[in-house]
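Novice: sequence and predicted structure are below.
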Amino acid sequence: MRAMTNLRIAPLLAIVGVVAGLGACAREKAPPPHEFDSAKAFEYLRTQVEFGTRIPGTAPHEHMGDWLDTLLRARADTLIVQSWTHVTANRDSLRLRNFVARFNPKATPRILFLAHWDTRPRSDGPNSKNPKAPVPGANDGASGVAVLLGVADALKRTPPAIGVDLLFDDGEDYGDFNEHPKDVLIGARYFAAHLPPGAPPKYAVLFDLVADKDLQIHQEGNSLTGAPEIVELVWSTARKLGKQSAFIDSPKHTLTDDHVELQKAGIKAIDVVDFDYPAWHTPDDTIDKVSAASLQTVGDVAMALVRQEKP
């Protein structure tokens, strides 16, 4: 992802009426507090890191893709694998795969959760001392995937009343956001151009950088601009669960991330992201910087979003 500007804006009062309409679909009772298993999710995170850097075109990337394919086939009602070859600006050919795990595939309404599963080939973050080193991606990549896999486990145990799609998208972090914008957000752009059959999602939530031990998820600028009512829905859900210390009810950063490509396709998509992470795009994005407790916080909110919707 790319940071554009810091955001300092007043609350958007116009969203209140829209949120009330979304809230009418909510159940009165919250989900069980530990429906999401953070210990298992953390093991999913650890396994990803143990594969090595998941850079498109490398063996660790290929092995992790095969691992995801196996896990998701055992959990989802339907698995769609979107495979294609992306030719970069430097004429490299990358074999990429999106995985779309569908639960209750014929149901409406549907919601979509997504995360990227690749890692960045270079450490070009502002705090990096070795720009040529690959990024281990314990938080930037593995954390969002761990949340989605934990959600998949919970939905396998107790199927949702609505339709839920989990998108594991590829090629988010490969290229240069400034010089070669077509070589980043590749999987999200491909998904937006090749939506699965059936009803489109009511909304989409991207989970990125969500396992920082010091979890502080501010409202993101392009999310507030493109889908303010979904931002309020997610943050109000977090408040109901008592997680307002992590889901901070104020804007801060504006990011170019996968949700922007979905917004271009008419999907109300937002980014749940803790961008105040010093190890971002550095070799220090390692497993000692992340925690199961943070995964629990985010996973609980994700499951509450699923369970509070009525068909």
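Specialist: Perfect, thanks for sending it. Residues are numbered from 1 along each chain as shown.
Novice: quick one: the strands in the stretch 151-300 of the chain, in order.
Specialist: 163-169, 203-208, 217-219, 247-251, 253-256, 269-273 (DSSP state E, counting those that start in this stretch).
Novice: Pro197 is nearest to which of those?
Specialist: strand 163-169 (11.4 Å; CB to CB). No exception for glycine: its C-beta is placed from N, CA and C like everyone else's.
Novice: for the closest one, which positions count as buried?
Specialist: Neighbour-count burial for strand 163-169, counted by 16 or more other CB atoms under 10 Å, picks out Gly163, Val164, Asp165, Leu166, Leu167, Phe168, Asp169.
Novice: ok, the residues you listed vs Asp92, which is closest?
Specialist: Asp169 (18.8 Å).
Novice: contacting residues for the closest one?
Specialist: If you count contacts by CB atoms under 8 Å, 6 or more residues apart in numbering, Asp169 has them with Asn98, Leu114, Ala115, His116, Trp117, Gly187, Ala188, Tyr190, Phe191, Asp258.
Novice: the fourth one bridge partners, please.
Specialist: Just to be clear, that refers to His116. Following DSSP bridges, His116 is listed with bridge partners Asp169.
Novice: wait, it sits on Asp208?
Specialist: Yes - under the criterion of CB atoms under 8 Å, His116 makes contact with Asp208 at 7.1 Å.
Novice: comparing those two, which residue is more hemmed in?
Specialist: Ranked by neighbour count (other CB atoms under 10 Å), His116 and Asp208 place His116 first, with 32 against 26.
Novice: just to revisit the earlier point, dump the strands of the stretch 151-300 of the chain to TSV, plus distance to Thr297.
Specialist: Listed next are the strands of the stretch 151-300 of the chain as TSV, based on distance: least, CB to CB, whole Å:
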stretch	distance to Thr297
strand 163-169	19
strand 203-208	11
strand 217-219	9
strand 247-251	8
strand 253-256	19
strand 269-273	11
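Novice: need those in CSV (columns: distance to Asn90 and mean pLDDT).
Specialist: Output for those, formatted as CSV (distance: least, CB to CB, whole Å; pLDDT from 0 to 100):
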stretch, distance to Asn90, mean pLDDT
strand 163-169, 21, 98
strand 203-208, 25, 98
strand 217-219, 35, 98
strand 247-251, 36, 97
strand 253-256, 21, 96
strand 269-273, 28, 98
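Novice: and Phe36, which of the ones you listed is closest to it?
Specialist: Closest of those to Phe36 is strand 203-208, at 12.2 Å (criterion: CB to CB).
Novice: need the max-distance pair from the contacts of Asp169.
Specialist: Greatest spacing in those, by CB to CB: Ala115 and Tyr190 (15.2 Å).
Novice: comparing these two, which residue is more hemmed in?
Specialist: Ala115 (26 against 20).
Novice: need the contact list for that one.
Specialist: Gly141, Ser143, Gly144, Val145, Val147, Leu148, Leu167, Phe168, Asp169, Leu206, Phe207, Asp208.
Novice: for the stretch 151-300 of the chain, just list every one of the helices.
Specialist: 186-193, 221-226, 228-240, 258-264, 292-307 (DSSP state H, counting those that start in this stretch).
Novice: next, format these as TSV and append distance to Glu43 and mean pLDDT.
Specialist: Shown next, in TSV, are the helices of the stretch 151-300 of the chain (distance: least, CB to CB, whole Å; pLDDT from 0 to 100):
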stretch	distance to Glu43	mean pLDDT
helix 186-193	24	98
helix 221-226	30	98
helix 228-240	24	98
helix 258-264	25	98
helix 292-307	9	98
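Novice: redo the ones you listed as JSON lines? Include distance to Phe36.
Specialist: Formatted as JSON lines, the helices of the stretch 151-300 of the chain follow (distance: least, CB to CB, whole Å):
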{"stretch": "helix 186-193", "distance to Phe36": "24"}
{"stretch": "helix 221-226", "distance to Phe36": "22"}
{"stretch": "helix 228-240", "distance to Phe36": "13"}
{"stretch": "helix 258-264", "distance to Phe36": "22"}
{"stretch": "helix 292-307", "distance to Phe36": "3"}
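Novice: re earlier: of all the strands of the stretch 151-300 of the chain, which one is nearest Ser294?
Specialist: strand 217-219 (9.4 Å).
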